[in-house]
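Visitor: Structure of the sequence below:
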Amino acid sequence: MLRGIKRIKLLPTLSRRLKFVQIQTDTIRINPKDTEKYINRGQVYMLLDDYDNAVYDFSRVIEINPRSDDAYVKRGIAYGMEYEFDLAIADFSKAIALNSSNDAAFLLRGEIYFFSERLEQAIQDYSNVIRLKPADPVAYAKRGFVYMMSEEAKKAHEDFQKAKSIDPQVAESIGWRMAVSGISYSHIAANVPEKDDFDKFLLRDIKEYFNANQNAEIKYEFLRKGPDQIGVSPPDYYLWVEINDNGNRQAGAMRVTAISKKTFGISTYLTKEAIEKNFSDVYKIFPLTVCVKIANKI
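Guide: Numbers count the residues shown, from 1 in each chain. All right, here's what the predicted structure looks like:
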């Protein structure tokens with residue numbers, strides 16, 4: 001896993017995380033049923049935006065201990081970060097079935113319901129958190145925001161006031177974050193193509209970018225699953241692309257922007273050769289954790 005990363009200068013925090021992953025991996029080789037090490041490694045993979053490997057580690061914990069509600073919660077978070085909402089809900093629901101007092105599972109499932117615009121179910125989950133933790137300002141603030149979205153002003157006001165009476169700073173912070181998240185998700189929903197069209201539109205626009213023949217072979221993989229949404233701008237995706245156009249082969253890192261559910265604009269493409277020649281250019285364009293995955297490609 002670390003092969004290739006040694007070629008570039010990494011920030012100290014990132015280096016420490018990668019070293020920690022290696023230590024956990026070495027321990028797992030010795031004891032492949034050490035669930036604590038899988039949990040530890042999976043959580044660091046989450047910090048590295050490596051959700052596939054995080055899902056793998058939490059799944060191994062579930063295989064070893066099928067009654068680990070904590071592993072289901074953590075895997076649900078990883079699925080949620082990849083916008084695999086149905087899988088996330090299934091994991092949070094399983095955690096609740098195993099432990100009906102798991103307030104984190106209720107809270108997180110409520111988040112997914114909120115993003116999925118299933119507001120009644122979100123309210124029910126936040127209410128369950130409040131039942132389990134009556135002095136939790138986060139749950140009151142989140143439920144209040146959903147009540148506001150549901151045009152239940154009186155209930156929203158009551159929840160916001162309750163959250164403020166417990167912790168005014170937390171109440172304001174949660175309300176703001178949910179508002180920003182709601183706006184961001186609305187931009188994702190307005191711009192990302194439907195699931196059945198995503199691959200078709202993306203391959204079409206990559207082919208057009210390269211001015212490739214219709215029979216050109218194009219392969220891509222996500223360097224970060226799920227869209228990267230900042231402010232009110234359209235969402236971006238980061239890809240590693242390989243193309244074979246009548247024997248003309250090339251590969252490289254690409255940033256594409258989803259626009260109006262029908263188009264992908266390609267704002268950046270760095271060939272593998274350009275990356276190998278001057279890796280510092282990668283840092284100027286891609287997030288740090290994506291840079292690590294690009295480094296592994298070369």
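
Visitor: element containing the residue nearest to residue 153 when sequence neighbours are not counted, please.
Guide: Once flanking residues are discounted, residue 153 sits nearest to residue 147: 7.8 Å by CB to CB, 6 or more residues apart in numbering. Heads up, the C-betas are built off the backbone N, CA and C, glycines and all. Assigned by DSSP states H and E, residue 147 belongs to helix 137-149.

Visitor: by contact count, what packs against that helix?
Guide: helix 103-115, helix 119-132, helix 153-166, helix 168-191 (3 or more CB pairs under 8 Å, 6 or more residues apart in numbering; DSSP states H and E).

Visitor: pLDDT of the last one, averaged?
Guide: Spelled out, that is helix 168-191. Average pLDDT, helix 168-191: 70.

Visitor: What of stretch 133-152?
Guide: Mean predicted lDDT for stretch 133-152 stands at 90.

Visitor: for the spatially closest residue to residue 39 that is not a sequence neighbour, what are its contacts?
Guide: Computed as CB to CB, 6+ apart, the closest residue to residue 39 that is not its neighbour in sequence is residue 61, at 6.0 Å. Listed by CB atoms under 8 Å, 6 or more residues apart in numbering, the contact set of residue 61 reads 35, 38, 39, 42, 68, 71.

Visitor: what's the helix or strand for the nearest residue to the first one once chain neighbours are set aside?
Guide: Same thing as residue 35. Closest residue to residue 35 apart from its sequence neighbours, by CB to CB, 6+ apart: residue 61 at 4.7 Å. Using DSSP H and E, residue 61 sits in helix 51-64.

Visitor: Just the residues contacting the helix or strand following that helix, thanks.
Guide: Next along the chain after helix 51-64, taking DSSP H and E as the criterion, comes helix 69-81. Residues external to helix 69-81 that are found in contact with it (CB under 8 Å, 6+ apart): 35, 39, 42-43, 46, 49, 51, 54-55, 58-59, 61-62, 65, 85, 87-92, 94-96, 98-99, 102, 104-105, 108-109, 111-112, 225-226.

Visitor: change it to 6 Å
Guide: Here helix 69-81 makes contact (CB atoms under 6 Å, 6 or more residues apart in numbering) with 51, 54-55, 58, 61-62, 87-88, 91-92, 94-95, 98-99, 102, 104-105, 112.

Visitor: angle of it against helix 51-64?
Guide: Calculated by axes from the mean of the first three to the mean of the last three CA atoms, to 10 degrees, helix 69-81 forms an angle of 160 degrees with helix 51-64.

Visitor: ok, and for stretch 130-149, which residues are buried?
Guide: Within stretch 130-149, the residues that qualify as buried are 130, 132-133, 136-149, counting by 16 or more other CB atoms under 10 Å.

Visitor: picking that back up, wait, the residue nearest to residue 153 touches residue 154, no?
Guide: No: at 8.4 Å, residue 147 does not count as touching residue 154 under the criterion of CB atoms under 6 Å.

Visitor: show me where the stretch 151-298 of the chain has helices.
Guide: For the stretch 151-298 of the chain, the helices defined by DSSP state H, counting those that start in this stretch cover 153-166, 168-191, 195-210, 272-277, 280-285, 288-297.

Visitor: Neighbours of residue 227, how many?
Guide: 19 (other CB atoms under 10 Å).

Visitor: Can you give me the pLDDT of it?
Guide: In this model, residue 227 carries a pLDDT of 83.

Visitor: List the contacts of it.
Guide: For residue 227, the contact set (CB under 6 Å, 6+ apart) comprises 188, 235, 237.

Visitor: Pick the one among those closest to residue 273.
Guide: The shortest approach to residue 273 among the contacts of residue 227 belongs to residue 237, at 22.6 Å (CB to CB).

Visitor: Tell me the bridge partners for the closest residue to that closest one other than its chain neighbours.
Guide: Distances taken as CB to CB, 6+ apart place residue 256 nearest to residue 237, at 5.2 Å, with adjacent residues excluded. Counting by DSSP bridges, residue 256 forms beta bridges with residue 237, residue 266.
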